[in-house]
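> 3D model of this:
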Amino acid sequence: MRVVKPGEDRAVPRGVVGGAEISQATAGASNIYMGVFRVPPGASSRPHYHENCESAVLMLSGSLIVRWGDHLEQQVTLQPRDMVYVPARETHVLENPSASEPAEYVVSRDSPTEDAVVVPWAQENA
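Now for the predicted structure:
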């Protein structure tokens, strides 16, 4: 058993802020990943997907607009206590519509690593 305490925030390549995580690197996990993430007020992630894993998200605070699909054509707004399932390789973007409140969520995956891929067209348009 390993307890992971909240740590220092760190920038995550896809454009959100990471906190504590249970992963292969921090706990020796072989089949799961769980992390706490924050999207600052007015910020959004870069379009990305998770290559080899499914994800389950639980909103903790704030709200997020999630856009997904091949051209980010679908959209939903998540509020605290909402849960969402994200299949592997589903391109998505997280946007915090608030000008003053961060959005925080927990994500769990069936992979021991972060496994995020920023989509090529997002890098070209960045």
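
> pLDDT at E124, what is it?
According to the prediction, E124 has pLDDT 51.

> worst-scoring helix or strand of the protein, pLDDT-wise?
Lowest on mean pLDDT, DSSP states H and E among the helices and strands of the chain sits helix 120-124, with a mean of 61.

> all strands of this protein, in order?
Using DSSP state E, the strands of the chain run over 10-11, 17-22, 33-39, 48-50, 55-61, 64-68, 74-78, 83-86, 92-95, 103-109, 116-118.

> Select, out of those, the one closest to M1.
Between M1 and these, the tightest spacing by CB to CB is seen for strand 17-22, at 11.1 Å. Bear in mind the C-beta positions are built from the backbone N, C-alpha and C, glycine included.

> Mind listing what's buried along stretch 67-77?
For stretch 67-77, a neighbour-count test (16 or more other CB atoms under 10 Å) marks 67-68 as buried.

> Low-confidence regions, this structure specifically.
13-14, 122-126 (pLDDT under 70).

> The same query, at a cut-off of 90, please.
Applying pLDDT under 90 to the chain flags the ranges 1-21, 23, 25-27, 45-46, 50-52, 69-71, 112-126.

> dump the residue contacts of W121.
Taking CB atoms under 8 Å, 6 or more residues apart in numbering as the criterion, W121 is in contact with P47.

> redo that, cut-off 10 Å
47, 71, 91 (CB atoms under 10 Å, 6 or more residues apart in numbering).

> do the same with A25
Residues near A25 by CB under 10 Å, 6+ apart: 33, 112-114.

> between these, which is nearest P40?
Nearest to P40 among the contacts of A25, with distances taken as CB to CB, is E114, at 19.0 Å.

> Surely the closest one touches E21?
Yes. Using CB atoms under 10 Å, E114 is in contact with E21, at 8.0 Å.

> Which neighbours do those two have in common?
Contact with both E114 and E21 is made by residues 33, 35, 107, according to CB under 10 Å, 6+ apart.
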